[in-house]
Structures are given as structure tokens and as C-alpha cells.
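what's the 3D shape of this:
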Amino acid sequence: MFTARLLDQLNNGKSRFIVDSGLKRWLRSFPLLRRGLGLLERIPEFDLKLFPRSRIHANQLTQIPADQLLGSPYQRCERLAYLRDIDGVVCARNCFRDSFHLARKRSNQTLQIDLTGFDGFITTSPLNLQPLNTPLFLQTVHDLIPLEYGRTLDHIPSFSRRLLATTNARRIYVSEDAKQKFNASLLSPSTNTHVSPPTRVLTQPPSLQFPGDALDWEARSRDLRVLSSDQQQLHTLLPAQFLLFNSSVVPHKNLLFALRAFMESDIERLGVNFCITGQPQHDSYSEAVVDIASRHKSVIFTGYVDEATKRHLYLNALALISPSLVEGFGIPVLDAACLGLPALASPIGSHREIQAMHDFQEHVLLCSTLHTSDWASAMRLVVLRLQQKRQNLSPEGEHLLLNQIRQERIQRYQALQEQINTAFRAGLCELLREDATIERLSTTVPKP
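Residues are numbered from 1 along each chain as shown. Modelled structure (predicted):
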């Protein structure tokens, strides 16, 4: 039962799993009692915030071996596909929340976890954690966006302390840009004169996964049907007749700017749509975005989409739009470049790095975000290039041309994906194998 509840939480992204008894359900039918029960259930949360643990002992870890996961229905859920690649799950109750609450305090404490018997500890984002009794500690640094851009929801002191917790660990940076910003912002000059843990910039693998029969089926579809974000309207998108914005609706993604450029380009008059896979938030920025979108039928909100729908959108898009003001890397631009899909992107450091890879300069067009007119011109250029290819073709000829374009995108993507995956695995292995004595020496260096 514990395993089933844990996997359900991982699958749904929720940290609580409550099944009310019949008595509780009856009590909740009375408004005053419902409020009282709600307050009682929140007492443990207040306790966690006020008195977070500073250490987790080895006997407080719960281990779920692979044989308990075998045959679980959750293995057949898309979000938990990784279960087939692991040997088990180790749980430390509330460790994530404890580490965050400690980071919010001024004591600069890190949550220590006794990992006796473990080969190493690797995080996929900066966490305010310190493993004990394990030879390897590696943290991943994606970006410094909360320190660079004011309109974020992150607690700035907490984010800073989580970043500082990575300075005594080996580090993966997702881009050279992220590494340079980290070094400039968090490492003092005195730190650079001492031996520090090894670090490495590793390009993340592309995110799309094409099935084995993609060339036979997905490369030949005549249209794409996608539900709107409210799940009440089914939109039909024609191949190469829509621009794709595959990012969240937050200010630094600069969607409002892209929409204004799209309106200025006037390509909606040619039947081109603007497809947004992000979900509007409950804030003034999203309200402004929705206000513009509501006045144009060519703007489509799909909301968050599953991996299959995302893959179909990329495969059939006219171009990807990414006018971000700041990014740690830019997976949407990388996915587009690997496909050979035109990507209109802002000239930030990480996008420049992507453009410099392989032959991506032919597919990634960097445009200044100072003027919408530059982006409007770039959007018209993408449409014009496809129109020139379609010129004088019959409807069937156009369909064959689109099939060829999609087949070439799939084949190109699979080849580049394998190259990048191989380089990522090799770079990660080299980082893990570097002399562990470097880390033992670095522990004598005072924190900046």
C-alpha cells in the first residue's frame, strides 16, 4: 500500500495522499467542522516550517526494491516510464520540504542525509542538502534566473542558499552561460585559488521520443487535432501552418512580445496559427496574454500536452518561437534545431551556444527582442520560404512535399539525438570518475 501511494504521488505530482474515513466525510458535510478539520490537517505542515530537521539518519530511509515495483500498474504510466530503468526507490520522508525550509532560514544550515552504503548522491537541481558517508556528491545547476530577473515567484534568499550548497559538490552546468554566471555570482576570488570539486558543462539530450513506426505513420498525417486548454474545443492544425510556442506562460518567456510580433506580421491572414502549449497563470501577465489571444481566433492555447502531442506539434510546425529574456539552456530550441525545424530565438547566451552546435546555424535565427518588427519580418520570411517550395504544386504534390519534410526531420532528429546522448553519457562518466581526492581537499576551503 505504501508503494502504491508513493507511486501515485510521483505520477500525479502531489505530495499528499489522503483517504477520508466515513466519519471524516460525514464531519466535512458541516461547514464549521470542515474548516476545523482543515486546520487540524495543516498543523503538521506548520510544524515542518517552524522546526525543519537538520539531519536524516540512515534508519529513517525507506527502501523499495525493484521486485516490489515489478508488475506495478504505474509502470505503464507515461510519467513513470523511468521505473523500468531503476533498481528501486529510496524515500526520506519530507526531506525535500525540510531542505527548502532550512534554506529559508538565516542559519545557513543544510539538511544532512546519512547515505552509508550508497555509491553516490546526484541531484537534478540545486538542493540545500549534504550527503554523509558517501564518496560522491554531484549537483546540477540549470540557471540563476531568480537572481537575474525580478518577476519570478522564487524566494530569493532560499534560492541563493540552495546554489551555495552546490559549491562543495561536483557540478553539472547545462550551458557555458550558466557556468559563467554561477562563477561570477557565487564563487569569490579566494575560492578560485584553491582546489575545488570538478565541474563540467553537459548538453542535455533532446527531449522528443519518436516511435519505431514514426516514418510510416507520423510522417504522413494530413492534419493534427489538439484539444484547447479548457478541454472543450478540438482544434485542427494543418501541417506547416502554425508557429509553436512550447514554454510556460511567465514574464521571462516573453510570450506577450511574440504575440504582438505575430499580429504585426499579418501572416494570420494567410491561415497561419499561433499555438501555445503553456498554461495561463492567475496573474496580470497571463491576463494580458489571454486578452490579446481572445481577440484573434488564430491563437490557440492547448495547455500542457502529453509527450506524444508535443512530438506531433514539433514535427508539423512551421517554426518554433522562443523570445525568452533569460534561460539556463533552451531545450525547445535544441529540439527544433535537431529536427531541422526553423527556430526564431532571442540572442541570449544559451541560445547562441545552441546555434553554434553542429549545423544549427542554418536552422536557428537569432532576433533582437528590442523591436517586434524584427520578429514580424522573421515570421514572414519563414512563411515565404515554404511558399516558394510549394509554388506550382498540386494538392497531392504539396502533401508529398510535407511528407518528405517530416521524414527528413525524424531521421535527422534520431541521428543527432544519438550523438548528443552519447556525448552526454561520456561526459557524465568522465565527471563521475575524476579523482575523489579533489573533493576531500576542497572540504578544507571555507564557504564564500
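
centroid-nearest residue for the protein?
Nearest to the centroid of the C-alpha atoms of the chain, with distances taken as Cα atoms, centre = their mean, sits Ile331, at 7.8 Å.

ok, it touching Leu208?
No - using Cβ atoms under 8 Å, Ile331 is not in contact with Leu208; the gap is 9.7 Å. (Glycine included, C-beta is placed from N, CA and C.)

contacting residues for the residue nearest to the centre of the chain?
Residues near Ile331 by Cβ atoms under 8 Å, 6 or more residues apart in numbering: Gln204, Pro206, Ser207.

please report how far it lies from Val174.
9 Å (Cβ to Cβ, to the nearest Å).

now list whatever residues contact both of these two.
By Cβ under 8 Å, 6+ apart, Ile331 and Val174 have these common neighbours: Gln204.

all strands of the stretch 101-250 of the chain, in order?
In the stretch 101-250 of the chain, the strands defined using DSSP state E, counting those that start in this stretch lie at 111-114, 121-122, 129-132, 137-141, 170-173, 199-201, 224-227, 234-237, 242-245.

same for the shortest one, what does it pack against?
I take that to be strand 121-122. Strand 121-122 is packed against strand 137-141, with contacts defined by 3 or more Cβ pairs under 8 Å, 6 or more residues apart in numbering; DSSP states H and E.

pLDDT weak spots in the stretch 1-150 of the chain?
For the stretch 1-150 of the chain, the stretches with pLDDT under 70 are 14-24, 37, 41-50.

and the helices in the stretch 151-300 of the chain?
Using DSSP state H, counting those that start in this stretch, the helices of the stretch 151-300 of the chain run over residues 156-164, 176-186, 189-192, 255-265, 284-294.

mean pLDDT added to these, as a markdown table?
Converted to a markdown table, these look like this (pLDDT from 0 to 100):
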| stretch | mean pLDDT |
| --- | --- |
| helix 156-164 | 90 |
| helix 176-186 | 93 |
| helix 189-192 | 58 |
| helix 255-265 | 96 |
| helix 284-294 | 90 |
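
deepest of the ones you listed, which one?
Compared across the helices of the stretch 151-300 of the chain, helix 255-265 shows the largest average neighbour count, a mean of 21 (mean count of other Cβ atoms under 10 Å).

contacts for that one?
Applying Cβ under 8 Å, 6+ apart, the contact partners of helix 255-265 are 243, 245, 247, 249, 268, 274, 276, 278, 285, 288-289, 292-293, 296, 299, 321, 323, 369, 372-377, 379-380.

quick check: angle from it to helix 284-294?
Per axes from the mean of the first three to the mean of the last three Cα atoms, to 10 degrees, the angle that helix 255-265 makes with helix 284-294 is 20 degrees.

and helix 255-265, C-alpha only, in PDB?
Taking Å, rounded to 0.1, in the frame of the first residue of the first chain, the C-alpha atoms of helix 255-265 are listed here in PDB:
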ATOM      1  CA  LEU A 255       5.100  35.400 -24.900                       C
ATOM      2  CA  LEU A 256       3.400  38.800 -25.000                       C
ATOM      3  CA  PHE A 257       6.200  40.100 -27.200                       C
ATOM      4  CA  ALA A 258       5.900  37.200 -29.500                       C
ATOM      5  CA  LEU A 259       2.100  37.600 -29.900                       C
ATOM      6  CA  ARG A 260       2.500  41.300 -30.700                       C
ATOM      7  CA  ALA A 261       5.100  40.400 -33.400                       C
ATOM      8  CA  PHE A 262       2.700  37.700 -34.800                       C
ATOM      9  CA  MET A 263      -0.100  40.300 -35.100                       C
ATOM     10  CA  GLU A 264       2.300  42.700 -36.700                       C
ATOM     11  CA  SER A 265       3.400  40.100 -39.200                       C
END
